[in-house]
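In: task: produce atomic coordinates for the following.
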Amino acid sequence: MKKLDIAAQLRCGVAPVILAAALISPSIAMAQDEPQEAQEAGFGENVIVVTGSRIVSAAAETTAPVQVVNEAAIAESGVTNIQALLLKNPTFGTPTISRTNSSFNSATSGIAVVDLRNLGTERTLVLVNGRRFVAGIPGENAVDLNSIPTALIERVEVLTSGAGSAIYGSDAVAGTVNFILKKDFEGIEANALTGITEAGDDFRYQADLTIGGNFADGRGNATVYFGYTNEEGAYKRKRKTEQGSAALDSISLGLLSGLDGDLFKKFEPFYSSYSPQGTYFTDNFAWTYDQNGRGALRPCVATNGGTAPATCGAFAGQAIGPDGFNRSAYRLTVTPVERFLINANAHYEISDSITAFVEASFASHNSVSNIEPFASATDDVYQDGAYPIETLDPNTNMIVVNPYVPAAIYNDASDTNGDGLRDIFITKRLVDFGPRSSEARRETFRIVAGLEGEFTKGWNYETYFNYGQTVTAQLGTGQYNVLNYREAAKIIPDGNGGYMCADPNAVAEGCVPANVFGLNSLSPEAINYLAAPSSFNATVKQTVIGANVSGELFSITPSAPVAVVVGTEYRRESSTERWDPLQTLGLNASNAFPPTSGKFDLYEFYGEALVPIIRESIVHDFTVRGAVRYSDYSTIGSTFSWNAGAEFAPIEDIRFRAMYAVTVRAPNIAELYDGLNQTFPTVQDPCEGVTNDGSALATNCMAFAGVTANMAANGGVFTLTQADRQGVTGFEGGNPNLQEEKGKTFTVGVTINPKSIDALRNLSLSIDYFNIDIEDAIVSTPRQYILDQCFQQGAPAFCQFIVRRPVASGPNNAGSLDEVNTGPSNSGGWKTKGIDVVLNYAHAFDVGSTRLNSTFSFSYTHLMKSYQVPLPGSAKDRFDGEVGSSVDRFTTNFGIGTDDFKLAFSGTYVGEAYLDDQFTGVLAGENKDYRIHPEFYLDTQARFYIGDTMEMFLGVDNVFNNKPVYTASIPGASDTGQDAFGGTYDPLGRRYYMGAKLRF
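Out: Numbering: from 1, shown residues only. Sure thing, here's the model as predicted:
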C-alpha cells in the first residue's frame, strides 16, 4: 500500500503557500507537461490520510475545509520558526505569545503559539504526524512551535473548523493544525541561513542537518535531524513606529495629563515619574533632587492641598517630568530565542502484517527578557506605605533618626500610622539593581512508539504509545527582598562611629543599613543583602496510549466501499509550576505567583464512517460521513462530540460540501487549579473626571467612600494621576468547578477545479462559509467589562470584584483603583462567522526557448461577525474589526522560475482596524479617530539551483519597510510596555537574509 506524497507533487515553479482548501487535486500546482501520478494510478494503489479524518482514502477531499502549507512554501519564506509563516494565513488570529509580543511576559517570553479564528490558543489543537504534542506552557494545552524543527516539516495541514473535535478530541474547537514531518528520507541534506534587519539588530543564523537511509533491504528507514537556530532580538530603543523613534518613553508622556501642548514641546521627553533619584512624600511636599539626582534636594509637588514653592516652576502640581526615567532604553521589542533541536524517526517492517515505528524528539530553547529597573514604592514593602525614618534602638530604648535622611525631609515628616516613628512615602527607580531580566530554558522531550499493519485484507490496525514532557527553568534578576528591605531601614549606631541594622538576627544574616536617598545611593553591601534573584520551575507531562482499527465494510456503489475507523485512547495530563518562596508570596515587591499543581486523565472511544452513496453515475460523487467521540474525564465526567457532513459533486470539476459539528473543550489544568496570581492590568477608570451632577455614573462612583474624599480634595472633580493609573493590581485564579465548553460549528462551501478545461485544469478555487458558536465558554470576565458594568451600567454584582483606596496612600489618591479581580467561569460565549476564499493557479509557458513555470495563490478571510459574551445575558463584546481581528485579511503569492532559478513574491494584507470598544466606548467603524489604517507587507526571495545538489537563496522581508502604527499602551491595541502591537503589525521593518542548501 503506497501513501501518496502530496508535497512531492507540488514542485513547480514557486509552490503556492496555500493549496486548495480541500486538496482538490495533488496536481493543481503542477506544470501542464508534468506526469499526473495521482490521476493515472489505480484507485487502490495510492492512499492518503488528510487532517480531519482518520480514514485512509485514495481521495484527497474532505468535507471540512483544510488548507495546506507545503515544504517548498516553507523554504521559500525564509522563516526560522514556522509560526512566522502560519500567521500570514488569514485564518490565524493574532497570537497571545510570539517573539514580537512577549518581552514583558513573566514566564512565557519567546514562546510561539497559534490561535485559529482568534478564539484563543486553548481552542486550537496542534498535532504532529496526526498525534498530540505535549504543551509548552504550564497548565495549558498550547504547543510551543519552537519545539518543531522548521526544516523537517514536509507540510502543515490546517483544518479550519471544529470538525476535528470528534476525530482528535478536546481543544479542536476552532480548528486543528497538523505538522507532518519528513520520513523515508534518503541521503544527506544540509541547510544554513543568516539574516539581519536594516537597523542592524535581530541578527539570526541557523543550521540544519538531515540524514536518512533505508536498511534491511528496504524494509526499514531511519531519519535523524540536528538543528540550531539563534535569533538575537531587538531593543525598543532601536525601533521605530510611524510616529518616529521608539527610543523615548512616549507612554509616560501620554499618561501624564494636565500640561498644555506648549509645555509638552518645551519639556519633552517626559519620562516615567519613578525616577532613579527618588521622590519622597512628606506631610506637605514631594521632594526630589535637581540635575537628574546629582544636584540639590528640592520640594517639587505640593501635597495635602499645600502650595508648591516657586522652585517647582512650570511643574508645580505635576510629576517630575524630565527628571524621571526613560524606560524605553531598557526594553526589548523582540525576544531573543536560541534553539537546539534533535529529531529521529524510524520504521521497520517486521513482517507483512507488522510494522514497528518510533518517533523521538528533543528541543532545548533559551529566551531572554529585559525591561527597565524596578519601579519601587514603599507600599510594596509596608501595607500602609509608611517608610520609617526613625528607629527605636532596642539597646537604649531611644529613638534614632535615620542618618541618611535629609533634614528638610525629616522636618516636614510626621508619624502617620501611629507607631511613634516619623515616616514618609517613597517612589524610586531601583537602578542600583540593574534591569529586570530573566533567562528561561525550556526542554521538550517526546517519544512515540507503536505497531501498525494489515491484519486481514482491507483491514488495518494501529497501536501507539505517546509520551511528552516539557521542563522549564528560569532565573531572573532586578527584584529586591521586601523582608530584608524592612530590616535595612531600621538603623542604629554601631558603637564605633558608624551604623548597623537594629535586629541582631538580621545582622547575622548580612544586614547592612540601606541609604535610599538619592541616585545610586545603595552601597554594594546593601545591594547584595537586598537583591532577590527569582526562579521559576515547571514540568508538563503528557501520556497517550491508543489503538484503532480501520477497514472497509461493504459497497453501496461499486467503485467505492464504505470505510470505517473505530478506536480508543487513554490520556493523562499533569502540570506543576513553582516560583521561588519570595515570588510566591509577593515578597520581592512584585506580583505574587502561588504554586500550581494539577492533573487529570480520561478514557475515550471514537468512531468514524465514510459512506459513498453515488460514484461516477448520475452524478460524479455523493458521499456522507460522520464521526463520534465519547470521553470520560476524571475532572468533569463524560462528554460527547460528533460531526456529520456530505460532499456532492454533480461533475468532477465542481464539489459542494457541508459539515456540522458539535465540539467539546474540557477545562485545562490552569483553568481548574491555578493559584491566585497577581497582575497589574491596564484599565480605564470610568469614574475619572466625574462630578456630583446627580447622574447615575456619579452616584455609582460615589458609593465608594474614597471617591467622595477625592472629589472633596479636588474641587468636586474625581481626579487621578499617572501613579493612580499605573497603580492598579488584581488577582486571578483557577476554578475547580468548571465544566466543559460546548460548541457548534457549521461550514458549507464549494470547490472548483475545472479539469475538463485544459487551460484551467491547474486552477482551483474554494469558497467556504464558517459559523462557530461556543456555549458555556470558559472565560475570565474582562476587567474593563467589570468596571463598566459596575459604574456605567449600575450592576452591583460586579462591584464586589473592585477595591478602591479609601484614603490617599503615598502618590495614590483616595478613591483610585487598587484591585480589579476576575477569574474563569462557564459564563461566557464566543461566536465568529465569515467566509474563506482560496484560489490557486499554476501555469507553464515558453519564452523563446526557455520554459517558465508560474504559480499564483490567494487566501482571503472576511469576518462577518465575531463577538464574546462575558456573562449570560450581558451585552456582546464585538471584536470583529478591532486590532488583531481585521474584517478583511489576505495573503497572496506569486512565483516564476525555471529549472535553474526561482523568484517568489509574498504579500500579506491586514485590513483597517479599530481600537477595542471596551476602551473607546464605541464599536469598530463608528469613529474614525480610533481607526488604524490597513497594512500591506511584501516579501520576496530569489533562489538559484546549482546542479542537482545545491541551492542558494537570498531574500528581503518587509520590502516597503512598513513601520507599525503607533498605539502607545492602549489596552488591546499594543503589547505591554510597547508603542505598537507587535503580534499583528511587523515591528522589525525591512530585513535581509541569505542561505544555502546542499543535498547528497
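
In: could you give the bridge partners of A346?
Out: On the basis of DSSP bridges, A346 is bridged to A222, V358.

In: that one is in contact with G220, isn't it?
Out: Yes. Counting by C-beta atoms under 8 Å, A346 touches G220, with 6.7 Å between them. Yep, even glycine has a C-beta here, placed from its N, CA and C like the rest.

In: so where do the helices sit in the stretch 1-150 of the chain?
Out: 37-40, 71-77, 82-86 (DSSP state H, counting those that start in this stretch).

In: mean pLDDT per helix and strand in the chain: which one sits at the bottom?
Out: helix 37-40 (a mean of 32; mean pLDDT, DSSP states H and E).

In: most packed of the helices of the stretch 1-150 of the chain?
Out: helix 71-77 (a mean of 24; mean count of other C-beta atoms under 10 Å).

In: check contacts around G385.
Out: Applying C-beta atoms under 8 Å, 6 or more residues apart in numbering, we find G385 in contact with A377, T378, D379, F425, S809, G810.

In: three-state assignment of the residue nearest to it when sequence neighbours are not counted?
Out: Nearest residue to G385, sequence neighbours excluded (C-beta to C-beta, 6 or more residues apart in numbering): D379, at 3.5 Å. Secondary structure state of D379, per DSSP: H, G, I helix; E, B strand; the rest coil, is helix.

In: how many neighbours does D379 have?
Out: By other C-beta atoms under 10 Å, 22 other residues sit near D379.

In: contacts only, for it.
Out: G385, F425, S809, G810, N812.

In: then E189?
Out: Contacts of E189 (C-beta under 8 Å, 6+ apart): D208, L209, T210, K997, L998, R999, F1000.

In: please verify my assumption that the fifth one contacts G187.
Out: No. With contacts defined as C-beta under 8 Å, L998 does not count as touching G187, sitting 10.2 Å away.

In: would you agree L938 falls within a strand?
Out: Yes. Under three-state DSSP, L938 sits within a strand.

In: I figured it hits F960, correct?
Out: Yes. The criterion here is C-beta under 8 Å, and L938 meets it with F960 at 5.9 Å.

In: between those two, which one's more packed in?
Out: Between L938 and F960, counted using other C-beta under 10 Å, L938 has the larger neighbour count: 15 against 11.

In: the helix or strand where V838 lies packs against which elements?
Out: For V838, the host element (DSSP states H and E) is strand 824-847. On a contact count with 3 or more C-beta pairs under 8 Å, 6 or more residues apart in numbering; DSSP states H and E, strand 824-847 meets strand 763-780, strand 850-869.

In: which neighbours does the longest one have in its sheet, and in what orientation?
Out: Strands flanking strand 850-869 in the sheet, each with its direction: strand 824-847 (antiparallel), strand 877-878 (antiparallel), strand 888-897 (antiparallel) (DSSP bridges).

In: sorry, back to before: for the strand holding V838, what is the average pLDDT?
Out: Strand 824-847 comes out with an average pLDDT of 93.

In: gap between the residue nearest to E616 when sequence neighbours are not counted and K755?
Out: Residue nearest to E616 in three dimensions, not counting chain neighbours: S559, with 6.1 Å by C-beta to C-beta, 6+ apart. From S559 across to K755, the span is 18 Å (C-beta to C-beta, to the nearest Å).

In: how about V683?
Out: From V683 to K755 the distance is 57 Å (C-beta to C-beta).

In: next, count neighbours for P581.
Out: P581: 11 neighbours (other C-beta under 10 Å).

In: ok, it - contacts?
Out: Here P581 is in contact with L587 (criterion: C-beta under 8 Å, 6+ apart).

In: can you pull the pLDDT of it?
Out: Confidence score, pLDDT, at P581: 95.

In: state the distance from it to F593.
Out: Distance from P581 to F593, by C-beta to C-beta: 11 Å.

In: can you check T891 too?
Out: Relative to F593, T891 is positioned 39 Å away (C-beta to C-beta).

In: and stretch 680-699, how far from the chain's centre?
Out: Distance of stretch 680-699 from the chain centroid (C-alpha atoms, centre = their mean, to the nearest Å) equals 32 Å.

In: ditto for stretch 154-164
Out: That offset, for stretch 154-164, works out to 20 Å (C-alpha atoms, centre = their mean).

In: tell me where the stretch 901-1000 of the chain has helices.
Out: 917-920.

In: and the pLDDT at the residue nearest to G385?
Out: 87.

In: got the contact list for the residue nearest to Q868 when sequence neighbours are not counted?
Out: Leaving aside its sequence neighbours, Q868 sits nearest to D877 (C-beta to C-beta, 6+ apart; 4.7 Å). With contacts taken as C-beta under 8 Å, 6+ apart, D877 has the following neighbours: P782, Y785, Y867, Q868, V869, P870, D917, Q918.

In: of these, which is the nearest to R657?
Out: Y867 (26.7 Å; C-beta to C-beta).

In: does that closest one touch R878 like I think?
Out: Yes. Here Y867 reaches R878: they are 4.6 Å apart, a contact under C-beta under 8 Å.

In: of these two, which one has the most company?
Out: R878 (19 against 14).

In: for that one, what are its contacts?
Out: So R878 contacts K865, S866, Y867, D917, L923, A924 (C-beta under 8 Å, 6+ apart).

In: just name the closest of the residues you listed to G278, please.
Out: Nearest member of these to G278, counting by C-beta to C-beta, is D917, at 39.7 Å.

In: how many neighbours does the closest residue to that closest one other than its chain neighbours have?
Out: By the measure of C-beta to C-beta, 6+ apart, the closest residue to D917 outside its immediate chain neighbours is L923, 5.1 Å from it. Neighbourhood size, L923 [other C-beta under 10 Å]: 16.

In: my guess is L923 contacts D916. True?
Out: No. The pair L923 / D916 is not scored as a contact, 10.2 Å apart, by C-beta under 8 Å.

In: ok, T984 - contacts?
Out: So T984 contacts T94, V883, G884, V910, A913 (C-beta under 8 Å, 6+ apart).

In: ends of stretch 427-443, what's the gap?
Out: End-to-end span of stretch 427-443 (C-alpha to C-alpha, to the nearest Å): 39 Å.

In: averaged pLDDT, the helix or strand harbouring H365. What do you get?
Out: Using DSSP H and E, H365 sits in strand 354-371. Strand 354-371 shows a mean pLDDT of 96.

In: again with stretch 658-665
Out: The average pLDDT within stretch 658-665 is 97.

In: hang on, the earlier thing: just send the helices of the stretch 1-150 of the chain back as JSON lines, with distance to S165 too.
Out: As requested, the helices of the stretch 1-150 of the chain are exported to JSON lines (distance: least, C-beta to C-beta, whole Å):
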{"stretch": "helix 37-40", "distance to S165": "30"}
{"stretch": "helix 71-77", "distance to S165": "27"}
{"stretch": "helix 82-86", "distance to S165": "21"}
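
In: more crowded one of S559 and K755?
Out: Shown here are S559 and K755; by other C-beta under 10 Å, K755 has more neighbours (19 against 12).

In: surely that one meets D653?
Out: Yes. Between K755 and D653 there is a contact under C-beta under 8 Å: 5.8 Å.

In: at the geometric centre of the protein, which residue sits there?
Out: I97 (1.7 Å; C-alpha atoms, centre = their mean).
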